[in-house]
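Undergrad: 3D model of this:
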Amino acid sequence: MTLSAIKPGKIVTIGEILVDIMALERGRGFLEPLNLRGPFPGGAPAIFIAQAARLGHAAAIISCVGDDDFGWLNIERLKRGRVDVSAVRVHEDHVTASAFVRYREDGERDFLFNLKRSAAGQTEIDQPARALLAECAHFHIMGSSLFSFHLIDEVKKAIEIVKANGATVSFDPNIRKEMMDIAEMRAGLELMLQYCDIFLPSGPELVIPTEAKSEPAAIAELLELGVGCIVVKRAARGSSYYDRDRAIDCPGYKVVEADPTGAGDCFGATFVTCRRSGLPVEECLSLANAAGALAVSRQGGMEGISTLREMRALIANAS
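TA: This next block holds a predicted model:
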């Protein structure tokens with residue numbers, strides 16, 4: 001089923017809502033007192049769905065936050081962005097998830113996550129979530145959300161509901177090196193690929209869930225598994241699209257980088273939303289590249305979402 005041919009309905013995602021708190025000094029880790037900036041509303045699923053809503057699509061998220069300032073900061077921000085938060089539970093006994101971020105001198109980042117024991121870890125498919133999934137036309141999953149067997153089970157429940165209703169599914173592995181020690185992660189990655197219509201890896205993530213040693217071999221293996229199409233995010237170099245019939249490369253757009261947090265989430269949301277609007281793959285790739293570029297030019301994951309007009313302006317100025 002193609003995204004442009006699917007029934008009307010909401011784009012829905014599930015997973016962590018958190019705050020990002022960023023170190024102002026570069027260096028490794030968090031073993032010393034630092035100047036910090038934040039909290040910024042964030043979390044990969046939250047950034048994704050905020051970008052989809054900014055593009056005018058009906059959008060919703062299933063999640064859980066604490067009854068604290070960090071949780072309400074996110075809820076109010078999503079509501080202002082016209083994201084349906086009816087399935088975001090406010091938990092009295094767990095705090096909102098957080099991520100502390102620090103840049104190294106080489107531009108790489110270190111993260112310190114509070115996820116598994118946070119409110120995000122209590123996300124479940126309850127009655128409000130089931131009501132929302134009944135309206136879902138496209139369901140998006142982030143690999144970062146598969147950090148416990150409980151979450152994997154809840155995501156699987158959601159997929160089974162939306163697939164039974166004829167919805168399509170996209171999956172962004174979004175793997176942080178800090179998460180690769182989580183035993184559940186690989187099991188979750190393998191499970192999601194069984195249901196995936198659109199696979200949205202970043203560069204090296206393409207080969208991680210396969211037995212392949214090269215990118216072409218990984219693409220062939222994933223398509224053979226039944227993945228509908230693969231969209232590879234290549235950062236400043238742009239992106240590539242693959243399905244059984246074609247391969248398309250699209251160059252990126254140059255900007256001054258302030259913070260890469262959320263760039264891939266904005267890219268994925270833009271590609272999915274534009275395909276659901278019936279735009280050609282080439283145009284969807286170009287707009288998604290522009291969304292990613294605009295995202296890195298602003299500090300804070302959710303601060304980086306942009307409008308279609310801003311994306312088209314960036315493309316026009318690059319011509």
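Undergrad: And the helices in the chain?
TA: 44-54, 69-80, 127-133, 149-164, 184-193, 215-225, 263-276, 281-296, 308-318 (DSSP state H).
Undergrad: And the fourth one, what's buried?
TA: Meaning helix 149-164. Residues of helix 149-164 classed as buried by neighbour count (16 or more other C-beta atoms under 10 Å): Leu151, Ile152, Glu154, Val155, Lys156, Ala158, Ile159, Ile161, Val162. All C-beta atoms are positioned from the backbone trio N, CA, C, and that covers glycine.
Undergrad: With pLDDT added, can I get the residues you listed in JSON lines?
TA: Listed next are those as JSON lines, based on pLDDT from 0 to 100:
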{"residue": "Leu151", "pLDDT": "90"}
{"residue": "Ile152", "pLDDT": "89"}
{"residue": "Glu154", "pLDDT": "94"}
{"residue": "Val155", "pLDDT": "93"}
{"residue": "Lys156", "pLDDT": "92"}
{"residue": "Ala158", "pLDDT": "96"}
{"residue": "Ile159", "pLDDT": "94"}
{"residue": "Ile161", "pLDDT": "96"}
{"residue": "Val162", "pLDDT": "96"}
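Undergrad: I'd like to know which of these is nearest to Thr210.
TA: Ranked by distance to Thr210 (C-beta to C-beta), those are led by Ile152 at 19.4 Å.
Undergrad: Hmm, the closest one is touching Gly143, no?
TA: No - if you go by C-beta atoms under 8 Å, Ile152 and Gly143 don't touch, sitting 10.7 Å apart.
Undergrad: shared neighbours of the two, anything?
TA: Taking C-beta atoms under 8 Å, 6 or more residues apart in numbering as the contact rule, the neighbours common to Ile152 and Gly143 are Gly188.
Undergrad: Quick check: which ranges of the stretch 51-200 of the chain have low pLDDT?
TA: 175-187 (pLDDT under 70).
Undergrad: one more time with 50
TA: Residues of the stretch 51-200 of the chain meeting the criterion pLDDT under 50: 177-178.
Undergrad: ok, back up a step: select, out of the helices of the chain, the one closest to Gly38.
TA: So among the helices of the chain, helix 69-80 is nearest, using C-beta to C-beta, at 9.6 Å.
Undergrad: Could you name the helices and strands sitting against that closest one?
TA: Using 3 or more C-beta pairs under 8 Å, 6 or more residues apart in numbering; DSSP states H and E, the elements in contact with helix 69-80 are strand 18-23, strand 36-42, helix 44-54, strand 59-66, strand 83-91.
Undergrad: Val296: which of those is closest?
TA: helix 44-54 (12.5 Å).
Undergrad: Does that closest one pack against any helices or strands, and if so which?
TA: strand 10-14, strand 59-66, helix 69-80, strand 83-91, strand 136-142, helix 263-276.
Undergrad: could you redo the last one with a cut-off of 6 Å?
TA: Helix 44-54 sits against strand 10-14, strand 59-66, strand 136-142, helix 263-276, with contacts defined as 3 or more C-beta pairs under 6 Å, 6 or more residues apart in numbering; DSSP states H and E.
Undergrad: With distance to Met192 and mean neighbour count as added columns, please give these in a markdown table.
TA: Shown next, in a markdown table, are the helices and strands packed on helix 44-54 (distance: least, C-beta to C-beta, whole Å; neighbours: other C-beta atoms under 10 Å):
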| stretch | distance to Met192 | mean neighbour count |
| --- | --- | --- |
| strand 10-14 | 12 | 28 |
| strand 59-66 | 16 | 27 |
| strand 136-142 | 6 | 26 |
| helix 263-276 | 14 | 28 |
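Undergrad: could I get these as a markdown table with distance to Arg234?
TA: Shown next, in a markdown table, are these (distance: least, C-beta to C-beta, whole Å):
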| stretch | distance to Arg234 |
| --- | --- |
| strand 10-14 | 23 |
| strand 59-66 | 26 |
| strand 136-142 | 19 |
| helix 263-276 | 10 |
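Undergrad: Relative to Phe48, tell me which of these wins on proximity.
TA: helix 263-276 (4.3 Å).
Undergrad: and that closest one, how far out from the chain's middle?
TA: Relative to its parent chain, helix 263-276 has a centroid offset of 9 Å by C-alpha atoms, centre = their mean, to the nearest Å.
Undergrad: neighbouring contacts of that helix?
TA: Here helix 263-276 makes contact (C-beta atoms under 6 Å, 6 or more residues apart in numbering) with 3, 44, 47-48, 51-52, 55, 57, 170, 172, 200, 202, 231, 233, 284, 287-288, 291-292, 295-296, 304-305.
Undergrad: again, only using 7 Å
TA: 3-4, 11, 44, 47-48, 51-52, 55, 57, 138, 140, 170, 172, 174, 198, 200, 202, 231, 233, 283-285, 287-288, 291-292, 295-296, 304-305 (C-beta atoms under 7 Å, 6 or more residues apart in numbering).
Undergrad: Good, wrapping up.
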